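**Student:** Dropping a prediction and its sequence here:
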Amino acid sequence: MCDTNSDAPGTAVQDLLDVIDALLAPDGCPWDREQTPHSMCDYLVEEAFELIEGIRNNDAREAMEELGDALFIILFIARLYERDGAHSLTDSLKYSAAKMIRRHPHVFGDKTFIDNEAIWDNWEKTKREENKKTGRKQVYDSLPKGLPPLLKAYRINSKAARNKFTWDSDAAVEGQLKSEWQEWQNAMADGDKDASEKEFGDYLFTLVELGRRKGIKANSALAFANQKFLGRFGKMEELAEMRGLVLSEMNLDAMNALWDEVKNWEKD
């Protein structure tokens, strides 16, 4: 029986595990009992995106709900592995705790670091030592292959920087960005579609690195830009409807006028 009156996280986690165990029991839910860790991957991705949306919308209520949903999927997968005799949830938690303690000797040990860069240097050094035991010998062996391209570009540049393979200064990156822009323009002028796509990719990759050096995560920045555009466009549609207009039948100048109105509202 779930103890709904308890505020203890451990008790709540056990309540959720009890629900999962009931679903996976012989007399539980047929659909749940057919699932595998592989079949649950898409659900985990979906819940992660829903959680991120709640966080980025500053919706604490939605974030609370989606945190629970994401944790449910994670615990469900853990139980599936345990059912198959692979490993238990306890194994995963102990492994993660030990890893975090090992990678933070300045918190759990007696080491001191002069700045965050030194902390990251130690992090990378510790990871390299760990990877020797797992067969991951190269720097990017631990980079998830399924990361979205923009996020992967950030991680690639970040790892390169931690391994001292990056430009010496922000000005050097800006110079490279101008060079990549010109190469893209040249490819476009030549009418070479394949080359244009590749050069545009090089430009984006370099722009991601410049943002990283300025403390900006390109994936998050673009997500906010997308959200801002969608919000403004929705308000444009509402404004057009209020005035008896059909947005798709308006010319660009008229739509831009509505857009400017919406932007001005945001400033007030």
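**Tutor:** Received it, and whenever you're ready, just let me know what you need.

**Student:** From now on I want contacts and neighbour counts done on CA atoms only, so please keep to that.
**Tutor:** Will do.

**Student:** So which elements touch the worst-scoring helix or strand of the chain on mean pLDDT?
**Tutor:** In the chain, no helix or strand scores lower on mean pLDDT, DSSP states H and E than helix 116-132, which sits at a mean of 84. When contacts are defined as 3 or more Cα pairs under 8 Å, 6 or more residues apart in numbering; DSSP states H and E, helix 116-132 packs onto helix 89-103, helix 149-162.

**Student:** Show me the shaky parts of this protein.
**Tutor:** Within the chain, the stretches with pLDDT under 70 are 1-7, 136, 268.

**Student:** got the buried residues for the least confident helix or strand of the chain?
**Tutor:** Buried residues in helix 116-132, counting neighbours by 16 or more other Cα atoms under 10 Å, are found at 119-124, 127, 131.

**Student:** how does this structure divide up, domain by domain?
**Tutor:** 9-102, 143-216, 220-267 (automatic domain parsing).

**Student:** measure the residue nearest to Trp120 when sequence neighbours are not counted to Arg128 for me?
**Tutor:** Using Cα to Cα, 6 or more residues apart in numbering and skipping the chain neighbours, the partner closest in space to Trp120 is Arg162 (6.9 Å). Note on Arg162: its distance to Arg128, by Cα to Cα, to the nearest Å, is 12 Å.

**Student:** Likewise for Leu17?
**Tutor:** With Cα to Cα as the criterion, Leu17 and Arg128 are 35 Å apart.

**Student:** can you count the residues close to Gly201?
**Tutor:** 14 (other Cα atoms under 10 Å).

**Student:** host element of it?
**Tutor:** In the assignment (DSSP states H and E), Gly201 maps to helix 193-213.

**Student:** now the following helix or strand past that helix, how far from the centre of its chain.
**Tutor:** Using DSSP H and E, the helix or strand that follows helix 193-213 in sequence is helix 218-242. Its chain's C-alpha centre lies 21 Å from the corresponding centre of helix 218-242 when counted by Cα atoms, centre = their mean, to the nearest Å.

**Student:** Buried residues, helix 218-242. List them.
**Tutor:** Buried positions in helix 218-242, judged by neighbour count with 16+ other Cα under 10 Å: 218-219, 232-233, 235-237, 239-240.

**Student:** can you give me how far stretch 56-71 is from the chain middle?
**Tutor:** Relative to the centre of its chain, stretch 56-71 is centred 15 Å away, using Cα atoms, centre = their mean.

**Student:** what does stretch 80-87 give?
**Tutor:** Centroid separation for stretch 80-87 versus its chain: 27 Å, with Cα atoms, centre = their mean.
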